[in-house]
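> For reference, the sequence and a predicted model appear below.
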Amino acid sequence: MNLNRLFPIAALALLAACNSGPSPEMQANMDTEAANKKAYEALMNTWASGDKATMDSILADNFMTHNPDPMVQSTGKQSWLDGMDMYRAMNPDMKGEGKLIIAEGDWVGAVAMVGGTNTGSVEGMAATNKAWNVTGMDFIRFENGKAVEHWGLFDNMTMMTQLGLMPDPTAAPDTAVVEPAK
């Protein structure tokens with residue numbers, strides 16, 4: 001056999017042997033990460049739809065959040081169910097869009113844009129009928145396909161500012177001189 005033909009055949013055989021795909025452990029981890037990303041996306045879609053049964057099925061009974069919403073008084077799994085009801089009542093058209101969703105092992109990290117139009121009361125204040133759009137970040141740990149732990153941030157201050165319920169902290173201060181009463 002000609003050596004010029006032997007080298008390419010040997011090289012192809014070596015490449016084929018080395019590229020047998022991920023190990024079973026790596027494939028299982030990739031499958032888990034993909035399933036966890038889908039579960040996170042389902043959580044986001046559930047907030048937008050208000051589907052309490054689906055939310056209940058995705059959250060584990062021992063679910064806990066480390067950054068509870070100050071407007072929600074309940075804890076654990078119930079805090080997310082109550083929070084969804086509260087935000088949906090305030091903003092029936094509320095939507096979320098995942099801008100970046102990353103999975104690593106049992107964890108999913110995400111940056112999302114969340115927004116809506118405030119047509120329901122907020123903490124006893126009348127609806128403003130104003131639109132809002134803010135950033136949220138979630139880090140959720142899953143076990144057996146269910147969310148068990150949450151760390152997150154939601155830009156409540158910007159939402160309240162956009163709704164006109166608090167002053168804009170970035171606005172220039174009022175420099176008008178007020179004459180003292182005589």
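Yep, that arrived.
> use CA for all of it now, contacts and neighbours both
Fine.
> Give the partner strands of the helix or strand hosting Ala112 in its sheet and their orientations.
Secondary structure from DSSP states H and E places Ala112 in strand 107-117. Using DSSP bridges, the strands paired with strand 107-117 are strand 95-104 (antiparallel), strand 131-143 (antiparallel).
> quick check: angle from the helix or strand harbouring Ala42 to strand 95-104?
Using DSSP H and E, Ala42 sits within helix 24-49. Computed by axes from the mean of the first three to the mean of the last three C-alpha atoms, to 10 degrees, the angle separating helix 24-49 from strand 95-104 equals 170 degrees.
> list the contacts for the residue nearest in space to the middle of the chain?
Per C-alpha atoms, centre = their mean, the C-alpha nearest to the average position across the chain is that of Asp138, at 4.4 Å. Listed by C-alpha atoms under 8 Å, 6 or more residues apart in numbering, the contact set of Asp138 reads 108-111, 150-153.
> Identify the bridge partners of it.
Per DSSP bridges, the residues bridged to Asp138 are Ala110, Gly152.
> Kindly reformat the contacts of Asp138 as CSV containing distance to Asp82.
Below are these laid out as CSV (distance: C-alpha to C-alpha, whole Å):
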residue, distance to Asp82
Val108, 22
Gly109, 23
Ala110, 22
Val111, 22
His150, 16
Trp151, 17
Gly152, 17
Leu153, 17
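> Nearest to Met71 among the residues you listed?
For the contacts of Asp138, the closest approach to Met71 (C-alpha to C-alpha) belongs to Leu153, at 13.9 Å.
> ok, the residue nearest to that closest one when sequence neighbours are not counted - how many residues close by?
Excluding its sequence neighbours, the residue lying closest to Leu153 (C-alpha to C-alpha, 6 or more residues apart in numbering) is Met137, at 5.2 Å. By other C-alpha atoms under 10 Å, 18 other residues sit near Met137.
> Isn't Met137 up against Val108?
No - the pair Met137 / Val108 is not scored as a contact, 10.6 Å apart, by C-alpha atoms under 8 Å.
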